[in-house]
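In: Got a predicted structure plus its sequence, pasted below:
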Amino acid sequence: MGAKSGDRVRAQWLALLVRYRAIAIIRAPDVKIGLMMAKAAAAGGFGLIEVAWNNAQPAAMMAAIRQALPDCVVGVGTVLSAEDLTGAIAAQAQFCFTPHTDCQLIRLAQTHSLPMIAGAMTPTEIITAWRAGAASVKVFPIAALGNGDYIRSVLGPLGPIPLVPTGGVTSESAPDLIAAGAIAVGLSTALFPKTEVAQSDWGAIETRSRYLLTLLKKP
């Protein structure tokens with residue numbers, strides 16, 4: 001993929017993040033439950049759905065979600081290796097999150113015009129991921145790092161790198177992360193409480209999804 005193509009992929013991905021401000025992260029024991037989780041989040045307004053690659057049958061889960069929710073952009077997360085990434089590409093993932101920075105994986109994603117959001121913790125890792133061509137940078141685990149205060153601290157010297165904090169984001173911390181300069185956030189447990197998933201209370205999850213997205217709208 002050439003530089004211009006890479007710039008286009010990055011720009012298109014960043015536009016999606018600005019539009020939606022949040023990604024719903026699906027971790028489920030089977031395809032059926034994962035699909036219902038995604039449907040509830042989408043009904044509440046989520047347009048970006050991430051299927052963790054360490055789910056049971058992640059490719060089948062992503063295919064089911066894409067078929068049921070054609071207006072959503074569906075990708076994968078927790079990609080750790082070239083084998084994982086190749087499988088995600090074969091399954092037609094529309095974006096990819098890794099929990100770490102691996103420049104070889106970033107380059108592999110680029111050759112397939114796939115937005116790669118590389119995981120980072122330190123300023124060095126953030127800069128490395130961004131300069132290697134990541135479409136944005138996942139800051140993880142943000143709750144352990146200090147939430148909004150950490151985002152403010154690193155963006156000061158690093159400049160306007162598009163950061164997507166994940167890992168312990170809550171309804172309380174999410175708005176401050178956006179206010180601190182994050183372009184979007186990833187939501188998992190805060191969006192899908194285990195008790196509600198176990199009870200198939202999809203209405204409660206839809207309501208929470210709508211509420212969380214309202215919190216993230218910038219004036």
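Out: In hand now; what should we look at?
In: Would you map the strands across this protein?
Out: Ranges of strands in the chain, per DSSP state E, are 22-26, 48-52, 73-77, 96-97, 116-120, 136-139, 163-165, 185-187.
In: tell me the mean pLDDT over the shortest one?
Out: Per-residue confidence for strand 96-97 averages out to 98 on the pLDDT scale.
In: outside of it, which residues touch it?
Out: 50, 75-79, 85, 88, 109, 114-117, 119, 138, 166, 186 (C-beta atoms under 8 Å, 6 or more residues apart in numbering). (Each C-beta comes from the backbone N, C-alpha and C, glycine too.)
In: before we move on, back to that, would CSV of the strands of the chain with distance to Asn147 and mean neighbour count be doable?
Out: CSV is the format used below for those (distance: least, C-beta to C-beta, whole Å; neighbours: other C-beta atoms under 10 Å):
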stretch, distance to Asn147, mean neighbour count
strand 22-26, 15, 27
strand 48-52, 20, 26
strand 73-77, 20, 26
strand 96-97, 19, 26
strand 116-120, 16, 28
strand 136-139, 10, 26
strand 163-165, 8, 27
strand 185-187, 10, 25
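In: Throw the ones you listed into a markdown table and include distance to Glu196, thanks.
Out: Below are these laid out as a markdown table (distance: least, C-beta to C-beta, whole Å):
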| stretch | distance to Glu196 |
| --- | --- |
| strand 22-26 | 14 |
| strand 48-52 | 17 |
| strand 73-77 | 21 |
| strand 96-97 | 24 |
| strand 116-120 | 27 |
| strand 136-139 | 25 |
| strand 163-165 | 23 |
| strand 185-187 | 14 |
